[in-house]
Every structure is written in structure tokens, then in C-alpha cells.
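In: Build me a model from this:
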Amino acid sequence: MNVSIKIIVPGSFVTGRISPTKGEGLTKVKKRIPEIILQNGKRQEMAFTEALDAASDFDIVFKGANIINYSRNKATVFTGSPTGGTLGHILRRMKSDKFRLIVPVGLEKNSSTDLLQLVNKPQRKFRTIGKKIPKLRLVPGELFTEIEAIRQFADVEVTQIGSGGIAGAEGAVVLAIRGEEDEVHKALKIIKKVQGEPAFK
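Out: From the prediction side, this is the model:
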């Protein structure tokens, strides 16, 4: 049996990323892998814009974020392109199409900042250390954090009660899960299955 293995360099799927100003960072990424289009669970070889044009209210588009305000269900993303990049394509088509936009994002990016007020402020040029700061744009989608992920598997109440850590847990969050005993056990069982997975680099 012939097995074809394709090695994907970490960061190949990621654009608009934040990486260390000093150090190696993601310098190994030479070519960005385009968006993945799935239809009935199978990958389709088509352009992202073509997929958006063909999308309907049965389709889902995933778009990440750089910062969120969870309590207000708001998210923003950095866009370096004058046309808005990937988000620009999505927003232009959302005016007429009815596809569902979901923002998968970790609670490590949660902030109390009023993001609506932030993006409406005049975005002048900033003096920065390292790379320049791109423009901030609102992502008008549904937030999907660790809280929503747990609720997919169990009927529980999930609350963030801590953030951060050390020794590799710098982006971690501490969650309190409340509910009926069997539902809490159901949630913990799922969490234990994925806990300890290698970090995305």
C-alpha cells in the first residue's frame, strides 16, 4: 500500500498572525496554503471567492479573529489588504447571501474593550515595535470559543474564571462547569480526550 504524506509547515494556513518580534517566529513559511473548501466532508478544488458565490443558507464560513469581547459577542481582525482581504470578500457577499459565519477563537483573546468603539475611531498610523499594525475590522459572525465547544457535547453552564499560565500554558483559560452530574461528567470525558494535544505552532 502506497501512502502519500504531505508535510505542512506550521503557520501555512495562518495569515494576519501575531508572532514574536524577536526570534525565529514563522520564518519557515514560504508559501501560504489557500482556504479549505469542504462539500459533504470532501475537499473541493475551487477558489474561496468562487465558493462564497455558490454559498447558500445551508453553508458555513469560518473566520478567525485577533481579539474578542465575549460578553458583547464582538470580534475584530487585522486586515492588511486595502480591500479587506478574506474578510472583505466575506462582507461583500454577506449583503446578499445567507451563509452562516462562525468565528472560532480561543478565550485567550477575550478583552473588555468596546470593539465597536475601537474600530470606529480614526485609525491613524501608530509607532510600533516590529511589524506595522494593520487596520482593525469587525467580524459580524457567531463567536465559537471553548465555552461553545463544551456545550456542543453537554447541557452545562460554562464560565471563564481564570486566564494564563506558565510552562506552555501561557494562553490557557480556566473554566468552571456547572450542571447535572451526568452532564458534567459527559463534558469532562470529552475534555480529557483532547487535553494535552500538541500546541498549534
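
In: Let me know the secondary structure of residue 183.
Out: Under the three-state scheme (DSSP: H, G, I helix; E, B strand; the rest coil), residue 183 adopts helix.

In: Next one: it from residue 191, what distance?
Out: 13 Å (CB to CB, to the nearest Å). Placement of C-beta: from N, CA and C, glycine included.

In: swap in residue 33?
Out: Residue 33 is 29 Å from residue 191, by CB to CB.

In: next one: residue 61
Out: As defined by CB to CB, residue 61 lies at a distance of 27 Å from residue 191.

In: Neighbour count: these two, which is higher?
Out: Ranked by neighbour count (other CB atoms under 10 Å), residue 61 and residue 191 place residue 61 first, with 21 against 16.

In: before we move on, which element is the more buried one in?
Out: strand 60-62 (DSSP states H and E).

In: List the buried residues in the host helix or strand of residue 87.
Out: Per DSSP H and E: residue 87 is located in helix 85-94. Within helix 85-94, the residues scored as buried using 16 or more other CB atoms under 10 Å are 85, 86, 87, 89, 90, 94.

In: Now do the strands in the protein.
Out: Using DSSP state E, the strands found in the chain span residues 37-39, 42-44, 60-62, 67-69, 74-79, 100-104, 135-138, 142-144, 157-163, 173-178.

In: So which elements touch the last one?
Out: Packing contacts for strand 173-178, counted by 3 or more CB pairs under 8 Å, 6 or more residues apart in numbering; DSSP states H and E, involve helix 146-151, strand 157-163, helix 181-194.

In: Residue 89 and residue 60: what is the separation?
Out: Going from residue 89 to residue 60 by CB to CB gives 15 Å.
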